[in-house]
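Asker: here are the coordinates; sequence isn't available:
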């Protein structure tokens, strides 16, 4: 690392001062659309979503370019890169005045986005002028250049009133060009660049600069910055429009009120750097997230009217936040966000002093993407819910996630320092006095578990593993039933009086898949942290929320669409359960039986989709629960339905499964692992490859299951689709449960290859049948697809333990014997769970692809062609990485076929 010898206080101040002025000017240009965008919106007649895309587009360019600009600054120095970036941005800002259509405005906005890349240039440049003890304060002062957003909001409205929005663009472009020239003339090259040139040392190559990006810690910092900076940019862009619409004020007042937020979220960044130097960045991040949760809860609460039925009659009152309390709360939120921005970038030069450009570029890029993604989400949420405060509710959830992840990571580091002594303490501190390590055994915990030991397996292991498997299967079956029940409920909503559009119905059908897939990411790591028994109990009990909620919501046609959106998201609890269930069962069985065990657990669990699609059409036609279940809904043809039974019917079974999991399942002591230990899978190439392949198999199964009822009803309205649709998931589930032994015997790679080949042919059959208008051809082709997805589901999961059994010895040669086996099993279980999480997004994207294709072309065929191309990609990946001669599994699977090893049935 370079030294600071010869660097004077004057040099430091000049570098910091010039960089801060340049960054302030760039930030003023970067947020220019927050003011002139209002005029452009009126001029072009844009929708909320179009407006959100326009103001967010510069943020996209500014975010993505941060990664490259940071690397270039490391190589060529901040003086040259900063100057070039400002000149190009000034040119793009002037070119904005030449645009004459919405598309041209978007293209110009991409160029203006270069202004956002200035941040990482300045961070890499300024950090080289200061030692570690003063970098936090220096970077905090530099980061206060965010005040450029406030400059735009204070000054631009007056310029726009006087000269129009073209005048704002011209003045901002000219000012930035002048500052670029002054920066080039007066700034100096940083001391590290000078030292490197003097000694003839080559600049670090891209591989060396990007090496730290494989650390999960870098991505955790990125999530923090996604909120403290990304949400700041998003709110800075969104607030003028929000204030005008919600409080009915003019653009000048809205600009100044929003500028107070930008001011507090910028100027105090310097103070945040000082606090990070003095008290530590970790403490500042706790303050930031803690207070942000409080303020965001206050801001997210919408104006509400209440009526309480008191003993003397109705008591009515309302709650709402006035303009100035809103501005004050937003100012306070900005203050803590400014502290957090400084704290995040205090970490980077300390942890990665030689990679500030690359690491800071990634963190800055992710944070900047928040400024691009969040306004679009804000606009979509407003269009969907009609509630203006939904933007703050979204940020509340984001902060909660960041705080939980940060705290768990810090606790994991503390546990690593304390070692086994901390692990031996009881979960509840009050029990410490009566807890004797080694003598006080926790119930249902298997301290000695050796499934690969044939004697242990035959004497004790198989019996215990089977018991856990057969308790897990019905719990997972119920989870799938609740996850997919929404697809059946949605199909009946129009018939019982709910006036939702086709687009709204497809959103309701797709959202359980979206939430279920997202929850799987977190559920993937829960079993080693909490234990399979406890987590299965809790996750199964959580199914009661959507089951009971559906039962009550469908009984009133006046139930708001927002309630149905919430219930659709809660149904995702069922989808999340799959990841933890598969990870749990994977620990119990030896390699020789793992494929069959996982196939049974997943296949019979998947059967819940078919059970639901068979049972629900029956129970909604009769009053199963009598007066307790509520009254029926009348149909236009005079018939009756009890749609609430679609939710209520699962409640008693969920209660029974929850009790059975708590009383009958076990935890495995060796399976315990922190998130940090499991996170190693993110650096494994085959984890990501298997995510793609499993998306092709399970993602297709669950996506087709979710979209099949509604697609069939729309494509063939003359056919009573609900009588047949349960057969698809039934075929897929049974084929998965019944074909695991094929992969155990012949190799999962080979089976997967031929499965994708068959799926390509089957999708082509669906397309041809739709073109011919043949329901029988359509139905037969889809049944073939479901059959193949089941086979592929089993084969892909069989591949994972085989892959890691080969990869772990190669990647971690220092491990031997049982340690190597445990590591392979731990990584296999984590990859199995994580791939199931990624693949589950198929439940969202496939129905949504149908809806989008129908909206754009009037037919689902476009979506089906997209699926066919994706299967072809999966086929190539399987062949290239796993089945061709010399590939990872080729030799192993060849021996399996020759030996025809006898497998013990589960």
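Answerer: Perfect, thanks for sending it. The structure presented is a predicted model; accordingly, all values stated were derived computationally and were not measured.

Asker: average pLDDT across stretch 385-399?
Answerer: Taken as a whole, stretch 385-399 has a mean pLDDT of 89.

Asker: same check, this time on stretch 802-814
Answerer: Averaging pLDDT along stretch 802-814 yields 80.

Asker: next, the buried residues of it.
Answerer: By neighbour count on 16 or more other Cβ atoms under 10 Å, the buried set for stretch 802-814 is 802-808. In short, each C-beta sits where N, CA and C put it, glycine included.

Asker: let me know the closest of those residues to residue 479.
Answerer: Of all these, residue 479 sits closest to residue 804, with 25.8 Å by Cβ to Cβ.

Asker: what sits against the closest one?
Answerer: Counting by Cβ atoms under 8 Å, 6 or more residues apart in numbering, residue 804 makes contact with 684, 686, 824, 827-828, 831.

Asker: one more time with 7 Å, if that's ok
Answerer: In this structure, residue 804 makes contact with 824, 827-828, 831, judged by Cβ atoms under 7 Å, 6 or more residues apart in numbering.

Asker: ditto for residue 542
Answerer: Counted by Cβ under 7 Å, 6+ apart, residue 542 has contacts residue 573.

Asker: if I look at the closest residue to residue 161 other than its chain neighbours, how far off is residue 41?
Answerer: With Cβ to Cβ, 6 or more residues apart in numbering as the criterion, residue 161 has its nearest non-adjacent residue at 7.2 Å, and that residue is residue 252. Counting by Cβ to Cβ, to the nearest Å, the separation of residue 252 from residue 41 is 17 Å.

Asker: returning to what we had before: out of the contacts of residue 804, which comes closest to residue 321?
Answerer: residue 831 (46.6 Å).

Asker: tell me how far the helix or strand hosting the closest one lies from the chain's centre.
Answerer: Counting by DSSP states H and E, the element that carries residue 831 is helix 817-839. Here the centre of helix 817-839 is set off from its chain's centre by 21 Å, with Cα atoms, centre = their mean, to the nearest Å.

Asker: contact partners of whichever helix or strand comes after it?
Answerer: Per DSSP H and E, the first helix or strand lying C-terminal to helix 817-839 is helix 842-857. Contacts of helix 842-857 from elsewhere in the structure, counted by Cβ under 7 Å, 6+ apart, are 503, 506, 509-510, 512-514, 516-517, 575, 695, 699-700, 702-704, 706-707, 711, 859-860, 862-863, 866.

Asker: buried subset of the residues you listed, written for PyMOL?
Answerer: Provided next is the PyMOL selection string for whichever of the contacts of helix 842-857 are buried by 16+ other Cβ under 10 Å:
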select buried, resi 506+509+510+512+513+514+516+517+575+695+699+700+702+703+704+706+707+711+860+862+863
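
Asker: this protein: strands as residue ranges?
Answerer: For the chain, applying DSSP state E gives strands covering 304-310, 313-319, 445-446, 633-634, 640-641, 667-668.

Asker: just the residues contacting the last one, thanks.
Answerer: Where contact means Cβ under 7 Å, 6+ apart, the residues beyond strand 667-668 that reach it are 444-446, 449, 531-533, 587.

Asker: what of the third one?
Answerer: Surrounding strand 445-446, the residues in contact under the criterion Cβ under 7 Å, 6+ apart are 666-669.

Asker: quick one on the thing from earlier: tell me the one of the contacts of strand 667-668 nearest residue 18?
Answerer: Among the contacts of strand 667-668, and counting by Cβ to Cβ, the member closest to residue 18 is residue 531, at 56.5 Å.

Asker: look up phi and psi at the closest one.
Answerer: Main-chain dihedrals, residue 531, degrees, to the nearest 10: phi 100, psi 140.

Asker: ok, back up a step: out of the contacts of strand 667-668, which is nearest to residue 281?
Answerer: Residue 281 has its nearest neighbour among those in residue 531, at 32.9 Å by Cβ to Cβ.

Asker: list the contacts of the closest one.
Answerer: Residue 531 touches residue 667, counting by Cβ under 7 Å, 6+ apart.

Asker: picking up where we left off before, in a markdown table: the buried residues of stretch 802-814, plus distance to residue 394.
Answerer: Shown next, in a markdown table, are the buried residues of stretch 802-814 (distance: Cβ to Cβ, whole Å):
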| residue | distance to residue 394 |
| --- | --- |
| 802 | 41 |
| 803 | 38 |
| 804 | 37 |
| 805 | 42 |
| 806 | 43 |
| 807 | 39 |
| 808 | 40 |
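
Asker: can you flag which of those residues belong to helices?
Answerer: If you go by DSSP state H, these have 802-808 in helices.

Asker: could you list the low-pLDDT ranges of the stretch 201-350 of the chain?
Answerer: For the stretch 201-350 of the chain, applying pLDDT under 70 flags the ranges 201-214, 350.

Asker: redo that, cut-off 90
Answerer: Applying pLDDT under 90 to the stretch 201-350 of the chain flags residues 201-287, 298, 300-328, 330, 334-335, 338-350.
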